[in-house]
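> Return a 3D structure for these sequence lines:
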Amino acid sequence: MTDKSNPSILLIYTGGTIGMIENRETGALESFKFDRLLENVPELRRFNCEIDSYCFSSPIDSSDIEPAAWSKLVRIIDENYDRYDGFVILHGTDTMAYTASALSFMLEDLCKPVILTGSQLPIGMLRTDGKENLITAIEIAAARNENGHPMVPEVCIFFENNLLRGNRTTKINAENFNAFRSYNYPALATAGINIKYECDKIAHVDFSKPLKPHYAYDTNVVVLTLFPGIQENIISNILSTPGLRAVVLKTYGAGNAPQKASFIKLLKEAIDKGIVIVNVSQCLAGTVQMRLYKTGLRLLDAGVISGYDSTVECLLTKLMFLLGQEKSPKEIEELMNTPMAGEFTKEEN
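Just a heads-up that it's a prediction; the model follows:
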């Protein structure tokens, strides 16, 4: 923490709806300069904290976000880590859960708030949700406990009154203001008349540890979604993709998949070649339990790893992160079975 009595916050604008304005000629939404965002939220001047801003030179629509942007955010936070008490990232909603998940792994030993937020309507519109999201995200990033430590020293998403653990969150609605949900982990805080923090749910960190930033990643991963009638040649072609290193396998229910011997053989052959395969349920809520049914047991016997109650966004970014650290398949298996940033709940099953 800094020595100043008032906390300091760095506001990082990457792009997204919250920083867009309507082109009167075409009706399309276009990015505008970051200074205009501050003009539309004069309430920011009333905070008892210092707020500085950093704007990507070319704002990025969230559908264009690439892992290189995650590395850029890590670098910005690392270079300013000792100067600020918290960070608020303005980000488009479409890939916000991917970015939040990635940052939770790339910012190892994080001890300060990194809060991502955005909006469904541009902040210049009359009914925008962006103003309240931004103001509350800053308030949370600046909040300290009785010991002077940050209330929420982890990567989170704040949206529509709820503060959610970033790597537990997924976008569930393209139209309503309650765009995000954390199905398998409760909210860390709820904003009403007051902000109510769930201290027992928030990460407990060692504030003496320095931040360890990571920048490397490997995108040789794929999501394979099972469905009735999926052709084996499609599965075979995907698993034979040159350079492929990891697969997120979206199965049914509690982690069940077809029992066809040929299907299991394809998975086992891929695993034997060093491809990591992680099992995640297509259900939004609940957890993978491969020992519960025979169909799950066959996956387990083939070497498929449980994804527990993780989100797809979390599993993808965690695999990219671990592959980028040049971990072996065995090391990756061990780390996929170990919560690194509170990303899943491990239960014996």
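> what residue ranges in this protein score low on pLDDT?
The chain contains residues with pLDDT under 70 at 1-4, 19-24, 27-40, 42, 45, 120-130, 176-177, 348-349.
> 80 instead?
For the chain, residues meeting the criterion pLDDT under 80 lie at 1-5, 15-47, 119-131, 174-178, 293-296, 347-349.
> wait, doesn't Lys294 sit right on Pro258?
No: applying Cβ atoms under 8 Å, one finds Lys294 not in contact with Pro258, separated by 11.7 Å. Any C-beta I mention is one placed from the backbone N, CA and C, and that applies to glycine too.
> Pick out whichever of those two has more residues nearby.
Pro258 (17 against 9; other Cβ atoms under 10 Å).
> list the contacts for the more buried one?
By Cβ atoms under 8 Å, 6 or more residues apart in numbering, the residues touching Pro258 are Leu226, Thr295.
> cutoff 10 Å now
Contacts of Pro258 were listed using Cβ atoms under 10 Å, 6 or more residues apart in numbering, and they are Leu226, Pro228, Ile230, Glu232, Ile235, Thr251, Tyr252, Ile264, Thr295, Arg298.
> For the nearest residue to Ile77 once chain neighbours are set aside, grab the count of nearby residues.
In space, and not counting its chain neighbours, Ile77 is closest to Phe87: 5.6 Å by Cβ to Cβ, 6 or more residues apart in numbering. Residues within reach of Phe87, counting by other Cβ under 10 Å, total 26.
> mind checking how far the helix or strand where Phe87 lies is from the chain centre?
Taking DSSP states H and E as the definition, Phe87 sits inside strand 86-90. Taking Cα atoms, centre = their mean, to the nearest Å, one finds strand 86-90 lying 14 Å from the centre of the chain it belongs to.
> quick one: contacts of stretch 43-50?
Counting by Cβ under 10 Å, 6+ apart, residues outside stretch 43-50 touching it are 2, 4-11, 37-38, 51, 53, 83-86, 131-132, 134-135, 138-139, 141-143.
> buried subset of those?
7-11, 37, 51, 53, 84-86, 131-132, 134-135, 138-139, 141-143 (16 or more other Cβ atoms under 10 Å).
> Which members of these are positioned in helices?
Among the buried ones among the contacts of stretch 43-50, the members falling in helices (DSSP state H) are Leu37, Lys131, Glu132, Leu134, Ile135, Ile138, Glu139, Ala141, Ala142.
> Looking at the residues you listed, spot the one nearest Leu211.
Within those, the smallest distance to Leu211 is 15.7 Å, found for Ala141 (Cβ to Cβ).
> The closest one: what's its closest spatial neighbour, skipping adjacent residues?
Distances taken as Cβ to Cβ, 6+ apart put Gly86 closest to Ala141, at 3.2 Å, once the chain neighbours are dropped.
> can you check Lys209 too?
Per Cβ to Cβ, 6+ apart, closest to Lys209 is Asp109, 4.3 Å.
> For Asn161, give its distance to Ser208.
Separation of Asn161 from Ser208 (Cβ to Cβ, to the nearest Å): 33 Å.
> Please say which of the two ends up with more neighbours.
Neighbour tally, Asn161 and Ser208, criterion other Cβ under 10 Å: the higher count belongs to Asn161, 17 against 7.
> Skipping its backbone neighbours, what lies nearest the more buried one in space?
Closest to Asn161 by Cβ to Cβ, 6+ apart is Ala191, at 4.7 Å.
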